[in-house]
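Q: whatever this is, show me its structure:
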Amino acid sequence: MTTKPLSIAYLCADRGIPIGGTKGGSVHVRGVVEALAQRGHRIRVLAARVEPDASRLAASVHAIEFDRAVKDVRRSIQTIEDGARIASEFHGLMLNEGVGNGLRALHDEAPIDALYERYSLWSWGGYRFAKEHGVPWVLEVNAPLVDEQRTYRGMHMEPVATGIQDLLLREADAIVVPSAELRDFIQSRTGRESGIAVLPNGVDFAAIDAAPALPEHVVQGLADRFVIAFSGSLKPWHGVDRLLRVFERLLRHVPEAHLLIVGDGPLGSAVEGAVKRVGTERITWTGAIPHESVASWLAHADVGVAPYPALDDFYFSPLKIVEYLAVGLPVVASEIGQIRELVQHGETGLLVPPGDGRRLLEALEQMHADPRLRRRMGRRAGERARRHHDWAKVGERVERLFERRLHRTNER
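A: Here you go, the predicted model:
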């Protein structure tokens with residue numbers, strides 16, 4: 001640990017990441033915050049979106065605020081053609097005033113020793129604060145957000161967003177990314193060769209060990225079934241639509257198969273359609289649930305799946321896979337990106353070509369036919385997860401990034 005506990009400000013200006021929520025991003029924020037807090041540091045979170053459950057974090061949580069006039073302008077912009085998107089981009093830019101005010105207020109209350117920021121599309125307020133006050137600034141980048149926004153949602157002020165992105169990627173004292181693919185993206189944008197740390201997603205093993213038991217009637221409903229679990233947000237690039245089709249084919253040969261879907265999202269209607277076709281006795285869909293309950297459901301599965309399609313730029317560190325491994329589930333997943341490192345084919349799971357429904361079906365049939373293989377893979381998965389994917393290890397490495405920056409500052 002550092003020579004003294006640090007006062008760390010954690011900044012998340014991403015309006016799509018609710019602090020205290022159940023989304024993957026929310027879980028990631030909680031993991032990093034609590035890992036640093038457990039190492040003795042004082043953490044204060046400044047965020048654009050705060051949920052009631054944020055009070056459970058091992059940190060004080062503060063909402064970003066800004067002038068009411070900005071809200072009024074946003075409402076007026078929304079009335080013009082395509083105004084909602086323009087208004088959202090404008091709102092994201094104007095949020096920087098609130099970021100600056102919020103960080104200065106925290107600094108006045110008790111000096112900030114270091115700033116940890118989760119990169120969001122329009123946010124440069126953290127950069128400005130860090131430079132003005134000379135505090136170490138670590139930037140966590142979880143996706144090439146400009147490319148993602150352009151591809152899936154569209155944007156009007158792309159040159160502005162790109163300029164902010166490249167400024168932050170060049171100027172951050174250190175950058176944290178969840179995968180080597182994302183590190184390569186940053187290097188291609190900036191030519192930066194140093195100060196980029198690859199830290200895959202972690203797991204809170206204490207929370208998993210303390211996960212609440214499911215009601216007995218739920219447990220009985222999953223007993224004596226071959227339970228295939230999918231956990232996470234139901235987004236198009238997670239492959240849940242293909243999984244549903246493969247599962248219906250699997251039922252022809254494995255009538256005791258049962259699909260467990262933990263989470264909610266845009267493809268919820270596809271899940272509803274599958275439930276209507278095969279019945280609730282074949283598919284259990286929990287919807288969005290508190291994150292501390294996810295492990296309770298996964299503990300009653302036989303295999304975890306991550307059926308990603310073929311994507312040109314797969315930069316994820318899938319939280320679902322780390323959680324499958326942590327509860328001792330063998331994994332069937334697409335052989336793409338960082339998944340090749342997370343899952344050892346034939347040891348902790350089976351890897352299949354991305355988007356290949358036939359190979360996915362064959363892998364699930366193999367898992368069903370060989371319970372001993374499943375148990376052996378699951379045991380190895382759990383052991384490996386505890387060695388490599390504890391959030392505590394992430395907190396330790398982030399701490400070292402701050403240590404190095406503070407050491408350089410003291411030398412000067």
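
Q: residue 252: neighbouring residues, count only.
A: 8 (other Cβ atoms under 10 Å). Using the backbone N, CA and C atoms, a C-beta is placed for each residue, glycine as well.

Q: buried ones in the helix or strand harbouring it?
A: Here residue 252 sits within helix 240-253, counting by DSSP states H and E. Buried positions in helix 240-253, judged by neighbour count with 16 or more other Cβ atoms under 10 Å: 240, 241, 242, 243, 244, 246, 247, 248, 250.

Q: looking at the protein, which helix or strand is least sure?
A: helix 68-77 (a mean of 59; mean pLDDT, DSSP states H and E).

Q: beyond it, next helix or strand please.
A: helix 83-109.

Q: all helices of the stretch 201-350 of the chain, in order?
A: Remark: helices assigned in the stretch 201-350 of the chain by DSSP state H, counting those that start in this stretch are 205-209, 216-222, 240-253, 268-278, 294-298, 319-326, 339-342.

Q: make CSV out of the ones you listed and add mean pLDDT and distance to residue 142.
A: Formatted as CSV, the helices of the stretch 201-350 of the chain follow (pLDDT from 0 to 100; distance: least, Cβ to Cβ, whole Å):
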stretch, mean pLDDT, distance to residue 142
helix 205-209, 87, 21
helix 216-222, 92, 32
helix 240-253, 96, 20
helix 268-278, 94, 23
helix 294-298, 95, 19
helix 319-326, 94, 11
helix 339-342, 93, 16
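
Q: among the ones you listed, which comes closest to residue 53?
A: helix 205-209 (13.5 Å; Cβ to Cβ).

Q: ok, residues contacting the closest one?
A: 292, 295, 326, 327, 386, 390 (Cβ atoms under 8 Å, 6 or more residues apart in numbering).

Q: quick check, nearest of those residues to residue 190?
A: Nearest to residue 190 among those is residue 390, at 30.7 Å by Cβ to Cβ.

Q: on that earlier part again, let me know which of the helices of the stretch 201-350 of the chain is tucked in deepest.
A: Across the helices of the stretch 201-350 of the chain, averaging neighbours per residue (mean count of other Cβ atoms under 10 Å) puts helix 319-326 on top, at a mean of 26.

Q: remind me what that helix packs against, helices and strands.
A: helix 24-38, strand 226-231, helix 294-298, strand 303-306, strand 331-334, helix 339-342, helix 371-388 (3 or more Cβ pairs under 8 Å, 6 or more residues apart in numbering; DSSP states H and E).

Q: which residues are contacting the first one?
A: Helix 24-38 is touched from outside by 8, 10, 12, 14, 16-20, 43, 45, 47, 51, 57-59, 116, 118, 140, 142, 201-204, 232-233, 291, 319, 391-392, 394-396, 398-399, with contacts defined as Cβ under 8 Å, 6+ apart.

Q: make it 6 Å
A: Residues lying outside helix 24-38 but in contact with it, judged by Cβ atoms under 6 Å, 6 or more residues apart in numbering, are 10, 12, 17-19, 43, 57-59, 202, 291, 319, 391-392, 394-395.

Q: by neighbour count, which of those wins?
A: With neighbours defined as other Cβ under 10 Å, the most crowded of those is residue 12; it has 30 neighbours.

Q: quick check: pLDDT value at that one.
A: The per-residue pLDDT reported for residue 12 equals 97.

Q: swap in residue 86?
A: Listed pLDDT for residue 86 reads 78.

Q: measure it to residue 184 for me?
A: Residue 86 is 33 Å from residue 184, where distance means Cβ to Cβ, to the nearest Å.

Q: who has more neighbours, the two?
A: The neighbour count for residue 86 versus residue 184, taken as other Cβ under 10 Å, is higher for residue 86 (17 against 14).

Q: re earlier: between which two of the contacts of helix 205-209 is the distance greatest?
A: Checked with Cβ to Cβ, these reach their widest spread between 292 and 386, with 18.3 Å between them.

Q: where does the stretch 301-412 of the chain have low pLDDT?
A: Judged against pLDDT under 70, the low-scoring parts of the stretch 301-412 of the chain cover residues 407-412.
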